[in-house]
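> What shape does this take:
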Amino acid sequence: MNNAYSNFSMLILEGFVVQTEVGFVLFFSVLAAYVFIVIGNVTLFLMVTFNRRLHAPMYVMLCNMTVCDLMGSSAVLPRMISDFLNDIKLISYEACFIQAFCIHFYSAAAHLILTAMAFDRYVAICDPLRYSTIMTNKTLVKLCSMAWGVSFTLIFILFALVLKLPRCRSQIRHVYCSNGNLFLLSCADTTVNTVFAVFVSNFLTAVSLCAIFWTYAKILITCLFKTFSNSKSKAIHTCSTHLAVYVLFESSPLFSIIALQFPNITPNAIKAMGVLTIAIPPCLNPIIYGISTKEIRDNVARYFKKKAVRSRWK
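Residues are numbered from 1 along each chain as shown. Now for the predicted structure:
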């Protein structure tokens, strides 16, 4: 054990410092949340994949979002669930690095996928007659490829810089690994890493915020000054669903930022806020899209209706 710590190949996750009874409550709560995330997002993904009527650009992007949500939640929650059962929470540096990479990749990709979905809604409402010629399969592939490709490139560079840092500590003061936690393992100057991390974060937020603000401003103008048909009304309904998901995704990290401004908030509460920023969007996205999107509701209803009919005949 001492040898493992001496070269820092193994790290200690601080985790939640709670009593055993509270630990069991947290264990079952996180387990239930993760099971719900997997069932909800996998159901949504399969529903779109195997139903040709849902192969429209909006739903294909929604599939990309479910994959993104599963990646982000799976990077954190399963490991956290197992840690509740261990007094000493050890993680290898390699596993910690991969976990941090997946978390940041999830966040970056989610920003750009939501931006691509906003563009789709903009074309559907503001230029519906040209929608089929603009949002072709080729355009769809380009948008999705750019969302994943740009995100991967930025996060790859971010973590390539982390690999250059020498390590002189072995404790992660959180329940999961992140880019900032990896900085703190080093005693070297991390100015370059910090500057680039701030650039990546602000760049992704600025791009998504400006793009979505512009598209929704144009959509609002279109709704106010143009007569719109049933198809436009349907698109606006879907647009409001997308906006709700974006607001949810952007507002979740504010809990952690606000928590840091209050010195009386316990470390456990701050850690819990960090977990919620990753767990809440993947948990609620399937509900928001499932309830608000008529096509998905109808497909789920038809599926369970067929199941009920088959069970009666058995």
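
> Pull out the buried positions in whichever strand or helix holds residue 64.
Using DSSP states H and E, residue 64 maps to helix 57-83. If you call a residue buried by 16 or more other CB atoms under 10 Å, then helix 57-83 has these buried ones: 57-77, 79-81, 83. The way it works is simple: take the backbone N, C-alpha and C, and place the C-beta from them, glycine included.

> try stretch 90-110
In stretch 90-110, counting by 16+ other CB under 10 Å, buried: 91, 93, 96-97, 99-110.

> Provide a list of residue ranges in the stretch 1-150 of the chain with pLDDT below threshold.
1-8 (pLDDT under 70).

> just so I have it, where are all the helices in it?
With helices called from DSSP state H, counting those that start in this stretch, the stretch 1-150 of the chain shows them at 2-6, 20-49, 57-83, 93-126, 131-134, 137-163.

> which strands and helices sit next to the helix or strand where residue 276 lies?
In this structure, residue 276 sits in helix 267-292 according to DSSP H and E. Other elements packing on helix 267-292 under the criterion 3 or more CB pairs under 8 Å, 6 or more residues apart in numbering; DSSP states H and E are helix 20-49, helix 57-83, helix 93-126, helix 230-260, helix 294-313.

> For residue 244, see how far away residue 271 is.
Distance, residue 271 to residue 244, by CB to CB, to the nearest Å: 27 Å.

> So which of these two has more stuff around it?
For residue 271 and residue 244, the more surrounded residue by other CB atoms under 10 Å is residue 271, and the numbers stand at 20 against 15.

> Which residue is the nearest non-sequential neighbour of the more buried one?
Spatial nearest neighbour of residue 271, chain neighbours left out: residue 175 (5.1 Å); criterion: CB to CB, 6 or more residues apart in numbering.

> got the contact list for residue 193?
By CB atoms under 8 Å, 6 or more residues apart in numbering, the contact set of residue 193 is 158, 161, 162, 165, 179, 183.

> Just give me the neighbour total for residue 222.
For residue 222, using other CB under 10 Å, the count is 17.
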